[in-house]
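Visitor: Let me see the structure of the following:
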Amino acid sequence: MGVTEIELREATHDDYDGVVAFTEDTWEDRGRGDYIPRIYHDWIDGENQYTIVADAGDELAGIVQCVMLSDWEAWGQGMRVNPNFRGQGVANRMTYELFDWARERGATVLRNMVFSWNVAGLGSSRSAGYDPVTEFRWAHPEPNADAESEMTVTNDANAAWKFWTGSDARTHLQGLVLDFEESWALSELVRDDLRRSAESGELLVVQDDGTRGFAAVCRESEWKNEDGGPESWVEYSVGAWDDADAARALFAAISRDAAKRGAERTRVLIPETARFVSDTAYCRVEISDDPDFVMGMDLTKPYR
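Guide: Numbers count the residues shown, from 1 in each chain. Presented below is the predicted three-dimensional model:
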């Protein structure tokens, strides 16, 4: 079957079985399931998003979604290609459709995230025109109401912003943090984000003879644990600090904050650099096994 026989169209609820047929075992070889079958119906009904399927008639050849995160930032996610149609350019066709949709809505960049071990996904992103942007990892400090540190914790948004604009974390992350609205997406941190976090009691700024680091609550969620039961999480958009002592103080503040919110688990986005990752390890904080890569397409350039 040639790729010209495949129609790109917006996904519907009736496509559920067809999507599940080629996504339920996406990462079976890595001992993890695909999230799309679990969230499909809510996922395609979200606001400011465009979900498309590649319809080959008797079966679906692929699916992908684009979400507008801000007036100028778009995010691509959920790219899956049916193994029966790989090598036929389906991923690129769907990607260009997202580029068109996002650019028509004023976006000047469309980013995505690819697991570092997903070599096929990385190659597909580069083939479609994405460029490397940054990489990050997850830190998982344990919620602990009694965690102690010697530094002061404030909610000074101006201090956090000044620290961020001159920090190695911002430079490495290209200004990106975990988006405050869209799960599993990164967007550029702006000053108003920190002001809103401070007003909501969700900004943690550690200070000791100046500002030494900060973190901001992103969202509180309930996920399933390994046994399939409910597990409460607090996510932090970014963790940024200037040295290991500040990292220890910031993780302690996060631990206390997460415990106060009743969380069982946390995750904090940190830059994937030798210093930030080794600081986290030095503080005896759990770290994810692999980094994640962020790719970006400049939509002001031609891409076809």
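Visitor: element containing Gly123, please.
Guide: In this assignment (DSSP states H and E), Gly123 forms part of helix 119-128.
Visitor: Which strands or helices does the helix or strand following that helix pack on?
Guide: Sequence order places strand 131-140 as the next helix or strand after helix 119-128, per DSSP H and E. Under the contact criterion of 3 or more CB pairs under 8 Å, 6 or more residues apart in numbering; DSSP states H and E, strand 131-140 touches helix 168-173, strand 265-271, strand 286-287, strand 292-298. To be clear about C-beta, it is placed using only N, CA and C from the backbone, and glycine gets the same treatment.
Visitor: Restricting to C-alpha, output the first one in PDB.
Guide: Coordinates of each C-alpha in helix 168-173 appear next as PDB, following Å, rounded to 0.1, in the frame of the first residue of the first chain:
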ATOM      1  CA  ASP A 168      23.300  28.100  34.200                       C
ATOM      2  CA  ALA A 169      20.000  26.200  34.500                       C
ATOM      3  CA  ARG A 170      18.300  28.700  32.200                       C
ATOM      4  CA  THR A 171      21.200  28.800  29.800                       C
ATOM      5  CA  HIS A 172      21.200  25.000  29.400                       C
ATOM      6  CA  LEU A 173      17.400  24.600  29.300                       C
END
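Visitor: hmm, who's touching stretch 71-78?
Guide: With contact meaning CB atoms under 8 Å, 6 or more residues apart in numbering, stretch 71-78 is reached by 36, 43, 51, 63-69, 95, 98, 102, 105-113, 179, 182, 184-188, 299.
Visitor: re the thing from before, columns distance to Asp242 and mean pLDDT on top of the helices and strands packed on strand 131-140, output as JSON lines?
Guide: JSON lines is the format used below for the helices and strands packed on strand 131-140 (distance: least, CB to CB, whole Å; pLDDT from 0 to 100):
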{"stretch": "helix 168-173", "distance to Asp242": "8", "mean pLDDT": "98"}
{"stretch": "strand 265-271", "distance to Asp242": "13", "mean pLDDT": "98"}
{"stretch": "strand 286-287", "distance to Asp242": "19", "mean pLDDT": "98"}
{"stretch": "strand 292-298", "distance to Asp242": "23", "mean pLDDT": "98"}
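Visitor: Most tightly packed of these?
Guide: Most buried of these, by mean neighbour count (mean count of other CB atoms under 10 Å): strand 265-271, with a mean of 24.
Visitor: What pairs with that strand, parallel or antiparallel?
Guide: Using DSSP bridges, the strands paired with strand 265-271 are strand 131-140 (antiparallel), strand 230-241 (parallel).
Visitor: So which of these is the most surrounded?
Guide: Among those, strand 230-241 has the highest mean neighbour count (mean count of other CB under 10 Å), at a mean of 22.
Visitor: Just the mean pLDDT for that one, thanks.
Guide: The average pLDDT for strand 230-241 rounds to 97.
Visitor: Over to stretch 57-68?
Guide: The model assigns stretch 57-68 a mean pLDDT of 97.
Visitor: buried residues in stretch 186-195?
Guide: Going by neighbour count (16 or more other CB atoms under 10 Å), the buried part of stretch 186-195 is 186-189, 193-194.
Visitor: Report the separation between the closest residue to Asp290 other than its chain neighbours and Trp184.
Guide: Spatially, and ignoring its direct neighbours in sequence, Asp290 is nearest to Ser116 (5.0 Å; CB to CB, 6 or more residues apart in numbering). Going from Ser116 to Trp184 by CB to CB, to the nearest Å gives 15 Å.
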